[in-house]
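**Q** Kindly return the folded structure for what I paste below:
(2 chains)
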Amino acid sequence: MLDTLRTLFLTFRHAFYRRATVQYPEQQPYLPPRYRGRIILSRDPDGAERCVACNLCAVACPVDCISLQKVEADGRWYPQYFRINFSRCIFCGFCEEACPTYAIQLTPDFEMSEYSRPNLVYEKEDLLISGTGKYPDYSFYHVSGIPIPGKDRGASERERPPVDIHSLLP
Amino acid sequence: MTSIRIDGRDCPTRPGLNLLQACLEAGADLPYFCWHPELGSVGACRQCAIRQFSGPDDTTGRIVMACMTPASDGAIVSIADEEARAFRADVIEWMMVNHPHDCPVCEEGGECHLQDMTVMTGHNIRRYRFTKRTHRNQNLGPFVKHEMNRCIACYRCVRFYRDYAGGDDLAAFASHDNVYFGRAADGTLQNAFSGNLVEICPTGVFTDKPSSSVYTRKWDMRGAPSVCVHCAVGCNTIVNAREETLRRVLNRYNADVNRYVLCDRGRFGHGFVNATTRIRTAMRAIAGQYVPVPVADALARFADMAVEGPVVGIASPRAALETCFGLHTLVGPQHFCTGLTQHEQACAELAHTLLRGHPGPVPTVHDMESADAALVLGEDVCTTAPRLGLALRQSVRQASFHAADAAKVPRWMDAAVRTLGSECPTGLYVLTPAPTDLDDVAARPHRGAPDDIARLGFAIAHLIDPSAPAVAALGDEDTRLAEHIAATLMAAQKPVIVSGMQYGAPALMHAAASIAAALARRGQVAGLSLVMPECNSMGLAMLGGLPLEAVLERARNGDIATLIIVENDLTRHLSAAMVAELVACVPNIVVVDHTLTPLCQHAELVLPAAAFSECSGTLVSHEGRAQRFFQAVFPAAPIQAGWRWMQELARNTAQSHPAGLTTWRNLDDVITALARAFPALAAITDAAPHADYRLDGQKLRSQTYRASGRTVIRSYISVHDQPPPASPDTPFSSSMEGAYTPDMPAPLVPGYQVSPWNSVQALNRFQNEIGGEMRGGKSGVRLFTGGGGRDTPDAPHPYSTDIPPPSAPSEGSVLVLPETRLFGSEELSMLSPPVAARADAPTLRVPAGPGLPTHMTLHLEDGPHVLPVAPMVGLPTGIVLCPAHMVARAFHFPCRARLDMADGAGGGS
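**A** Next up is the predicted model:
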């Protein structure tokens, strides 16, 4: 008898607690920037695509839901297509971890439900955003030795100008 | 037995090795860069440092470079030694000081020896914080991409290119830290083996340019063991595919054939598979227009054709044996044509007969590398069989090896042996009508007309064995040369005679066979090798059939209602007039081919056949080696293997066929039937394990264990999973599921990767001995190895007595010989864009002399051709060279033709 009353009392007491339930979607919860939600492809500070089609995200993906094909223009590598099947994605973030150029990033957006599965196949134009995402300063081509338009050979960070191979001077 | 102790573990080894080889053979992971099994040691990179102890009591030992230290019996070494490990870590850290931060955009990434070695050494944090050296790159042509920043200066590239392959346009420039590997100026690498730099370079300085344009990482590509289809040598390759397109061709080690090296035609000639000239649907000519039709309609049309009268089949030397046999079964032996002209077929059958009847061995390509005397008789092997030419180039090193043995210098001590060898005489003789790429290492290049060279050959045979017929009226100079060559050949331990069909001169092959037989009668191990033009020329010669002329004769008589032409462009064999006549006389023509050839415009039905990467089959190389190639690409229907089309056609004819044709289920059924029908070819069943072969109860996987994108790659078509394509003809699963070990049968190795070796250098894990046999045994099977000729005192070897008369210059005409080109003469490789880019415009090669015009007119049988003139030093007078198949598509040689000044005003020259 006493136990029953106690249970009733405890349950009743909860009516005065602060509510944990969020009135989603009218009320949006706070998600930290490192939350692992929808995957995007970012651009470098110059506005060019960061993805260099190195395939490391694809190989890191445990469910094999990323596929891309490399093409080349002006010395830069790009993905010709970049496809993520979000109906398979488990949002583990391994792709982001594997990415050597900070191109692929997971965002705090998780609102991606669809009525039909094919709509969850995202192509490059669905993935590419116009900003730098979480890493505002990094530009792969400014640290790698590959020349691109506007940056000649030997002009990357911590590089000497090209060697004059006709000189034997030390 | 020799044994060494590595880190306390006793490992059996062989005498004559260096410690690096011994450690690798023992399965130890020891990093190295500059050593290469085919190039030997120079001790340039200092990466393979280990500690060697002088005896069991020595606890101090000393650091040595493993590649430069002989593995003496009982040697005690330590790889794990702390100081040696630190030494190696320091060395690689120095190498990485200037290495650019570009692995993500490097084609080598994922199969990079430098990556593997860096990981193996444990160097993972860059401490160097200062500036990096940079280099400007060069455009090295359509095959090889250059990125000098990545260089670690191991010198492998120039050692391969200059010392091994004989090239002279790649060199080391600049000094110290700045050393640069490239050409003196931008330009295409000229050597026929430049593509091997891709595999030789331990990092990404030289990468595969055509593959880069359709780039995929190594782990993402399906692999299948294959055989090169661009010449008759039968080099083993690995074809890599992704998304059902062929991405690249790599070398596959075969200890007896190509070993570590592939020529550029073989490596880059595969582009025809993805070219726009591919036939991908069944097509039917309706009112002069080609329209894609459903296969059922095409076959229904064929059924109508088949009732009209006799069906004749024309096979091809570039089609697989199974396809040819399928056609043979479909039309019957009396209606089966080889697709060769009378003359070509006679030459091919002669080559087969001579090799079979040769009392000595028929050498493998690898055997030729160890020949101490070699005679090339009227064949430019550097263009008709490039890999064989490279083997002959290595044969000139035998003298330096003997000198090294005498001086007690190990053969792998590369720099020392090459220095010793610079004074050694060479035993290579090249007797050809035109200069060849081997001339720079040949003892005495000799030029002459094919008939004169054949006479010289017969004279050599007579000098070696007086019972061979003598040559009448041989000049003094020729006699002296013959005596010299005969003496060299007789003094040799292992002479090799090479000839072939390039100039269409049976006398040359007879002469070569006579020399080899004469040497064999003296008890010498004399090899005879005859080069053939196409990848399955030998297989087709062994099948036999009617020549094209016989088919034409029947067509004229109206005895052919339907002609089935399989993977053969007749316009390359028959002149335009003959093709026109054949087409006019035959009411129905069906072409089954993978490529839209000029012949297709005459066909009523065109059916799409699978190219070498899309089906499995067997090819017989010029040395009689039957080798199987396997499917790597699974093309969209209706593309299917040639023999499956033959089945489809058989099902649509009313007449009955020999039991089997329509009931073959897979390739093994075809091969079994083929072996029954042609006992000489019965051994091809053993060329590779059958489709029911299982390793540990599993199929073999053709994808790597980490192929990516399975659930997404075709999701733009459908998000639902599809089963991987079935592969009934092979023991491979088309997916990543299945067995894969370094012990798998050698004909079934789909790629090399054994952790932690991800680059092609992982090959050392697949070999019993470095540079020796594969752990999985031999790849392919020899159908004949020579020694077939009976040569007893009462029945001596029958020498050919058909000695041609000396060639006489005739007034008003010149002898036109085909100039076979590495890039340009072979049919399929010319459809590959990078190879087409390397092919030069056709020119007329005439003997160098004063006052030559810029253009001349050559009157061939199909009419006059105005050609730019390119003088050639060394070409005998009265001979001109015309690029084979590039001027007149079909070119019957040898022929005499009139040569005029281009304007027609000048007289014959």
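
**Q** Stretch B:529-548 spans what distance, first to last residue?
**A** With C-alpha to C-alpha, to the nearest Å as the measure, stretch B:529-548 spans 27 Å from end to end.

**Q** any idea how far that stretch is from the chain center?
**A** Counting by C-alpha atoms, centre = their mean, to the nearest Å, stretch B:529-548 is centred 16 Å from the centre of its parent chain.

**Q** B:Leu582 touches B:Ala550, doesn't it?
**A** No - counting by C-beta atoms under 8 Å, B:Leu582 does not reach B:Ala550; the two are 11.7 Å apart. Just so you know, the C-beta spots here come from the backbone N, C-alpha and C atoms, and that holds for glycine as well.

**Q** Which residue of these two possesses the greater neighbour count?
**A** Under the neighbour definition other C-beta atoms under 10 Å in any protein chain shown, B:Leu582 and B:Ala550 were set side by side, and B:Leu582 has more, 24 against 15.

**Q** which residues touch the more buried one?
**A** B:Val551, B:Leu552, B:Ala555, B:Leu563, B:Leu570, B:Leu574 (C-beta atoms under 8 Å, 6 or more residues apart in numbering or on different chains).

**Q** Could you list which of the residues you listed belong to helices?
**A** Within these, residues falling in helices by DSSP state H are B:Val551, B:Leu552, B:Ala555.

**Q** Look at the last one and say how many residues are nearby.
**A** For B:Ala555, the number of neighbouring residues by other C-beta under 10 Å comes to 19.

**Q** can you pull the pLDDT of it?
**A** With respect to pLDDT, B:Ala555 scores 96.

**Q** swap in B:Asp177?
**A** 86.

**Q** And what about it, helix, strand or coil?
**A** What DSSP: H, G, I helix; E, B strand; the rest coil gives for B:Asp177 is helix.

**Q** Please report how far the closest residue to it other than its chain neighbours lies from A:Ile165.
**A** Nearest non-adjacent residue to B:Asp177, counting by C-beta to C-beta, 6 or more residues apart in numbering or on different chains: B:Arg133, 6.1 Å away. Between B:Arg133 and A:Ile165 the computed distance is 11 Å (C-beta to C-beta, to the nearest Å).

**Q** just to revisit the earlier point, will you turn the ones in helices among the contacts of B:Leu582 into TSV that also has distance to chain A?
**A** Shown next, in TSV, are these (distance: C-beta to the nearest C-beta, whole Å):
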residue	distance to chain A
B:Val551	46
B:Leu552	48
B:Ala555	49
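
**Q** Quick check, central residue of the chain?
**A** Went with chain A since none was named. A:Gln105 (1.1 Å; C-alpha atoms, centre = their mean).

**Q** wrong one, chain B
**A** B:Cys235 (3.9 Å).

**Q** can you tell me which residues contact that one?
**A** By C-beta under 8 Å, 6+ apart, the neighbours of B:Cys235 are B:Val227, B:Cys228, B:Asn251, B:Asn254, B:Val257, B:Asn258, B:Leu262, B:Cys263, B:Gly266, B:Arg387.

**Q** Longest strand of chain A, counting residues only.
**A** strand A:76-85 (DSSP state E).

**Q** does any part of that one sit near chain B?
**A** Yes - Strand A:76-85 lies within reach of chain B by C-beta under 8 Å from any C-beta of the partner chain, at A:Arg76, A:Trp77, A:Arg83, A:Ile84, A:Asn85.

**Q** Could I get the CA-only coordinates of the helix or strand following that strand as PDB?
**A** With elements assigned by DSSP states H and E, the helix or strand that comes after strand A:76-85 is helix A:94-98. What follows is helix A:94-98, C-alpha atoms only, in PDB (Å, rounded to 0.1, in the frame of the first residue of the first chain):
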ATOM      1  CA  PHE A  94      35.600   7.500 -41.000                       C
ATOM      2  CA  CYS A  95      35.500   9.400 -44.400                       C
ATOM      3  CA  GLU A  96      36.100  12.700 -42.700                       C
ATOM      4  CA  GLU A  97      38.900  11.200 -40.700                       C
ATOM      5  CA  ALA A  98      40.500   9.700 -43.800                       C
END
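
**Q** what packs against helix A:94-98?
**A** With contacts taken as 3 or more C-beta pairs under 8 Å, 6 or more residues apart in numbering or on different chains; DSSP states H and E, helix A:94-98 sits against helix A:56-60, strand A:104-106.

**Q** For the first one, the averaged confidence score.
**A** Okay, so that is helix A:56-60. The model assigns helix A:56-60 a mean pLDDT of 96.

**Q** picking up where we left off before, could you pull out the buried residues of the longest strand of chain A?
**A** Residues of strand A:76-85 classed as buried under the neighbour-count rule (16 or more other C-beta atoms under 10 Å in any protein chain shown) are A:Arg76, A:Trp77, A:Tyr78, A:Pro79, A:Phe82, A:Arg83, A:Ile84, A:Asn85.

**Q** which residues touch B:Ile159?
**A** That one is not Ile; residue B:159 is Arg. B:Arg159 neighbours (C-beta under 8 Å, 6+ apart): B:His36, B:Leu39, B:Val42, B:Asp414.

**Q** State the distance from it to A:Phe91.
**A** According to C-beta to C-beta, B:Arg159 stands 50 Å off from A:Phe91.

**Q** Just the strands from chain A, written as ranges.
**A** Under DSSP E, chain A gives strands at A:39-41, A:66-73, A:76-85, A:104-106, A:121-122, A:159-162.

**Q** Can you point out the buried residues in the second one?
**A** Using 16+ other C-beta under 10 Å as the burial criterion, the residues of strand A:66-73 that qualify are A:Ile66, A:Ser67, A:Leu68, A:Gln69, A:Lys70.
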